[in-house]
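S.K.: quick one: sequence and predicted model below, then my questions.
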Amino acid sequence: MSETVETVQASSPASRPSKGQAGADPYSIPLEKIDVSDSEIFETDTLWGYFERLREEDPVHYCAESEFGAYWSVTRFDDIVTVEKNPEIFSSARSIVVGDPNPDFPLEAGFITMDGPRHIAHRKTVQPVVAPRNLKRLEPLIRERVIEILDGLPVGETFDWVDRVSIELTTGMLATLFDFPYEERRKLTFWSDMATASPDMVGAVGFTEEQRQEALKGCLQEFTELWKEREGKPQGESLDLISALANGPATQGLLPMEYLGTLVLLIVGGNDTTRNSISGGVVALNENPKEYQKLRDDPSLIPNMVSEMIRWQTPLAHMRRTATRDTELAGKKIKQGDKVVMWYVSGNRDESVIERANEFLIDRPNPKQHLSFGWGVHFCVGSRLAEMQLRILWEEILERFHEVKVVGTPERVRSNFVKGFTKLPVRVSPRT
């Protein structure tokens, strides 16, 4: 079945009334009325109390009414892992997000919405592009681009970190992985934003739903030309995702909307997640100045800190599964066809599993114990690339700057899926 990534976003403030949860006392709302799919609590960063209450009182929580229909929220770390480990009971095949597909634009969402052998075959097709051998080849290029970006920043002046650093680095890397024209790389950011925006949200930023669909069709058209150019040609040592898809036995016969869905998966996975961890890491260090000083005193903590940043930010807040049969989870009876939402953003703050989970600690023991990359068969295929980009970025930041200081209020994405930032005003000061 098909799935549009567009359904992950809730609508804009102008188009839908507030549910009244943002900023309210989470314990003042009847438990059965709590709806953590409300994107306003993510935009206002007031989600934490709701998830804390659910973990304490109702860790597998049924929401009967929401913008996306009824769904179950799984909020504890171990219960999320149970769902991830049982794809035959909790299937990815129908959807990965809270909402259901838009029948007017039936976009397939790539191998992330597949189960079993077909999922494995599609995943293996793209895996070599982000495997350690290829990453080792790419590392000097990533460092070169990081240096170029950082050396071009206006020291002592206010600028938007999201635009100048987070987007620029990740979009450039994505262009390389696709072997997409580097000078046109910002198209990838545009397509990513269009793919993860609901029709109402698109309208709020000056686009109609029809224009959004046309933008994604334009994406398909450009990438179809790249497919045709590379089909049947050997890749050699220069691995790229389009050549892999065009020549992989499991993906050679992709239908157009399947191809577009796979592209959207790879674009969003390579763009939104890393860029929001880059931005979120700056916010976390500013909110925890003792940790920032700890980093200055001991740069060898960078790899450890990178994992902590990814846990802390949780750039994709949830994934969804569909129950294939009647089952039970944490004492709750779940019926066949029910939507089951794994809230990674909650599991990553579960103190029954992660000690001092509500603290940002760059020297945390076992920092890779988090759910930001998923778990099991759907573990993020590009996790090592994301970690490498963040590691190199912070190695080079420490070489140049004493501080990346947040000097204004961060603006967050209004989404219950992509947990990130639209703007982050900062000022950098040189090392002395």
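M.R.: Cool, got the structure. Residues are numbered from 1 along each chain as shown.
S.K.: shaky segments in the chain?
M.R.: Filtered on pLDDT under 70, the chain yields the residue ranges 1-17, 94-119, 197-206, 235-238.
S.K.: could you pull out the strands in it for me?
M.R.: Taking DSSP state E as the criterion, the chain carries its strands at 60-63, 71-74, 90-91, 159-160, 318-323, 327-329, 332-334, 339-343, 401-406, 411-412, 421-423, 425-430.
S.K.: partner strands of the second one, parallel or antiparallel?
M.R.: I take that to be strand 71-74. Strand 71-74 pairs in its sheet with strand 60-63 (antiparallel), strand 339-343 (parallel), by DSSP bridges.
S.K.: before we move on, what about the fourth one?
M.R.: For strand 159-160, the paired strands and their directions (DSSP bridges) read strand 425-430 (antiparallel).
S.K.: and what of the third one?
M.R.: Pairing partners of strand 90-91, with direction, according to DSSP bridges: strand 318-323 (antiparallel).
S.K.: if we can go back for a sec, need the strands of the chain in JSON lines with mean neighbour count and distance to residue 128, can you?
M.R.: In this view, the C-beta of every residue, glycine as well, is placed from N, C-alpha and C. Putting the strands of the chain into JSON lines (neighbours: other Cβ atoms under 10 Å; distance: least, Cβ to Cβ, whole Å) gives the following:
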{"stretch": "strand 60-63", "mean neighbour count": "20", "distance to residue 128": "38"}
{"stretch": "strand 71-74", "mean neighbour count": "24", "distance to residue 128": "33"}
{"stretch": "strand 90-91", "mean neighbour count": "22", "distance to residue 128": "27"}
{"stretch": "strand 159-160", "mean neighbour count": "17", "distance to residue 128": "35"}
{"stretch": "strand 318-323", "mean neighbour count": "23", "distance to residue 128": "24"}
{"stretch": "strand 327-329", "mean neighbour count": "15", "distance to residue 128": "36"}
{"stretch": "strand 332-334", "mean neighbour count": "16", "distance to residue 128": "37"}
{"stretch": "strand 339-343", "mean neighbour count": "25", "distance to residue 128": "28"}
{"stretch": "strand 401-406", "mean neighbour count": "18", "distance to residue 128": "34"}
{"stretch": "strand 411-412", "mean neighbour count": "18", "distance to residue 128": "35"}
{"stretch": "strand 421-423", "mean neighbour count": "17", "distance to residue 128": "32"}
{"stretch": "strand 425-430", "mean neighbour count": "17", "distance to residue 128": "36"}
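S.K.: distance to residue 269 added to those, as TSV?
M.R.: Putting the strands of the chain into TSV (distance: least, Cβ to Cβ, whole Å) gives the following:
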stretch	distance to residue 269
strand 60-63	27
strand 71-74	22
strand 90-91	20
strand 159-160	23
strand 318-323	12
strand 327-329	27
strand 332-334	28
strand 339-343	17
strand 401-406	25
strand 411-412	20
strand 421-423	18
strand 425-430	26
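S.K.: among these, which is nearest residue 172?
M.R.: Closest approach to residue 172 among the strands of the chain (Cβ to Cβ): strand 159-160, 16.8 Å.
S.K.: my guess is residue 276 meets residue 419, correct?
M.R.: Yes - using Cβ atoms under 8 Å, residue 276 makes contact with residue 419 at a distance of 6.6 Å.
S.K.: between the two, which contacts overlap?
M.R.: In terms of Cβ atoms under 8 Å, 6 or more residues apart in numbering, residue 276 and residue 419 are both contacted by the residues 313, 315, 413.
S.K.: thinking again about what came up before, and the strands of the chain: which comes nearest residue 191?
M.R.: Evaluated with Cβ to Cβ, the strands of the chain place strand 421-423 nearest to residue 191, the distance being 16.5 Å.
S.K.: same for the closest one, what does it pack against?
M.R.: Other helices and strands packing on strand 421-423, by 3 or more Cβ pairs under 8 Å, 6 or more residues apart in numbering; DSSP states H and E, are helix 256-287, strand 411-412.
S.K.: let's see 7 Å
M.R.: strand 411-412 (3 or more Cβ pairs under 7 Å, 6 or more residues apart in numbering; DSSP states H and E).
S.K.: chain center to the strand it packs on, what's the gap?
M.R.: Taking Cα atoms, centre = their mean, to the nearest Å, the mean C-alpha location of strand 411-412 is offset from the chain mean by 15 Å.
S.K.: next one: stretch 147-167
M.R.: Per Cα atoms, centre = their mean, the centroid offset for stretch 147-167 relative to its chain is 22 Å.
S.K.: that one: end-to-end distance?
M.R.: Distances were taken as Cα to Cα, to the nearest Å; on that basis the terminal residues of stretch 147-167 are 15 Å apart.
S.K.: so residue 299 makes contact with residue 397?
M.R.: No - with contact defined as Cβ atoms under 7 Å, residue 299 and residue 397 do not form a contacting pair (9.9 Å).
S.K.: between the two, which is the more surrounded one?
M.R.: Neighbours were counted for residue 299 and for residue 397 using other Cβ atoms under 10 Å; residue 397 has more, 23 against 13.
S.K.: how near is that one to residue 303?
M.R.: Separation of residue 397 from residue 303 (Cβ to Cβ, to the nearest Å) stands at 14 Å.
S.K.: over to residue 282?
M.R.: Taking Cβ to Cβ as the measure, residue 282 and residue 303 are separated by 18 Å.
S.K.: cool, residue 74 as well?
M.R.: Distance of residue 74 to residue 303, computed by Cβ to Cβ: 30 Å.
S.K.: again, but for residue 48
M.R.: Taken as Cβ to Cβ, the span from residue 48 to residue 303 is 27 Å.
S.K.: and residue 431, backbone torsions?
M.R.: For residue 431, the backbone dihedrals (degrees, to the nearest 10) come out as phi -70, psi 140.
S.K.: residues in contact with it?
M.R.: For residue 431, the contacting residues are 400-402, taking Cβ atoms under 7 Å, 6 or more residues apart in numbering as the criterion.
S.K.: would you convert those into CSV that also reports distance to residue 337?
M.R.: Putting those into CSV (distance: Cβ to Cβ, whole Å) gives the following:
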residue, distance to residue 337
400, 54
401, 52
402, 55
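S.K.: and these, which is closest to residue 29?
M.R.: For those, the nearest to residue 29 is residue 401 (43.0 Å; Cβ to Cβ).
S.K.: my guess is that closest one meets residue 432, correct?
M.R.: No - at 10.4 Å, residue 401 does not count as touching residue 432 under the criterion of Cβ under 7 Å.
S.K.: in the stretch 151-300 of the chain, which spans are helices?
M.R.: Counting by DSSP state H, counting those that start in this stretch, the stretch 151-300 of the chain has these helices, from start to end: 161, 168-178, 186-195, 199-204, 209-230, 241-247, 256-287, 289-297.
S.K.: tell me which of those lies nearest to residue 29.
M.R.: Evaluated with Cβ to Cβ, the helices of the stretch 151-300 of the chain place helix 199-204 nearest to residue 29, the distance being 24.0 Å.
S.K.: cool, thanks, signing off.
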